[in-house]
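Engineer: predicted model, plus sequence, below.
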Amino acid sequence: MTAPYTGGCQCGQIRYEIRAEPLTLYACHCKECQKQSSSAFGMSMPVPRAAVVILQGQPKQWKRVSDSGLEVSCLFCEECGTRLFHNPARNSKITNVKPGTLDDTSWLKPVGNLWTQSSQNWVILNEQMLNYEAQPSDFTQLFERFQIE
């Protein structure tokens, strides 16, 4: 797959387009991602923030403080509640797209796992992936691995 990528919420009220290639793709096992996804982990696909274009609708925003103490703006559909994006304060140049909201998810292949120290005990982590017990201080390896895969 190559840009542009399209996606939207479950009810169809919000539609978006990503006009640049993703920087990486990873699964996060922190407790916050488990809550927001109602699952064992959440997935994040960082892209340049300027490349995210809302085509239809307007996401609602909710802000929370992450474990690092920095604020994260969470954008979702007000009608159906689908989480679409996270805009971390730690890097104002990226948006973390929730890739399950893409129209075509068949090409998704995460290259790493974050916050493995809080992963569910039944989750089997692939040792071939980049695995971090907590938040990595540098995402360079995740970016490089994604370009190779």
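Structural biologist: Good, I have the coordinates.
Engineer: give me the longest helix you can find in the protein.
Structural biologist: Criterion DSSP state H: the longest helix present in the chain is helix 140-148.
Engineer: can you pull the buried residues of that helix?
Structural biologist: The neighbour-count check on helix 140-148 (16 or more other Cβ atoms under 10 Å) flags Leu142, Arg145, Phe146 as buried. For the C-beta atoms, the positions are set from N, CA and C on the backbone; glycine is no exception.
Engineer: nearest spatial neighbour of the second one, skipping sequence neighbours?
Structural biologist: With sequence-adjacent residues excluded and distances taken as Cβ to Cβ, 6 or more residues apart in numbering, Arg145 is closest to Val111, at 4.2 Å.
Engineer: so that neighbour touches Phe139, yeah?
Structural biologist: No: counting by Cβ atoms under 8 Å, Val111 does not reach Phe139; the two are 10.7 Å apart.
Engineer: centre of the chain to stretch 54-63, how far?
Structural biologist: Distance of stretch 54-63 from its chain centroid, counting by Cα atoms, centre = their mean, to the nearest Å, is 16 Å.
Engineer: re the thing from before, common neighbours of Val111 and Phe139, please.
Structural biologist: Contact criterion Cβ atoms under 8 Å, 6 or more residues apart in numbering; residues shared by Val111 and Phe139: Thr24.
Engineer: and the buried residues of helix 140-148, which is closest to Val52?
Structural biologist: Distances from Val52 to those, taken as Cβ to Cβ, are shortest for Phe146 (17.8 Å).
Engineer: ok, the closest one to Gly57 distance?
Structural biologist: Distance from Phe146 to Gly57, counting by Cβ to Cβ, to the nearest Å: 29 Å.
Engineer: ok, which stretches of this protein are helices?
Structural biologist: 31-37, 140-148.
Engineer: could you export those helices as CSV, including mean pLDDT?
Structural biologist: Listed next are the helices of the chain as CSV, based on pLDDT from 0 to 100:
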stretch, mean pLDDT
helix 31-37, 88
helix 140-148, 95
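Engineer: which one of these lies closest to Arg83?
Structural biologist: So among the helices of the chain, helix 31-37 is nearest, using Cβ to Cβ, at 5.6 Å.
Engineer: that closest one packs against which elements?
Structural biologist: Applying 3 or more Cβ pairs under 8 Å, 6 or more residues apart in numbering; DSSP states H and E, one finds that helix 31-37 contacts strand 42-48.
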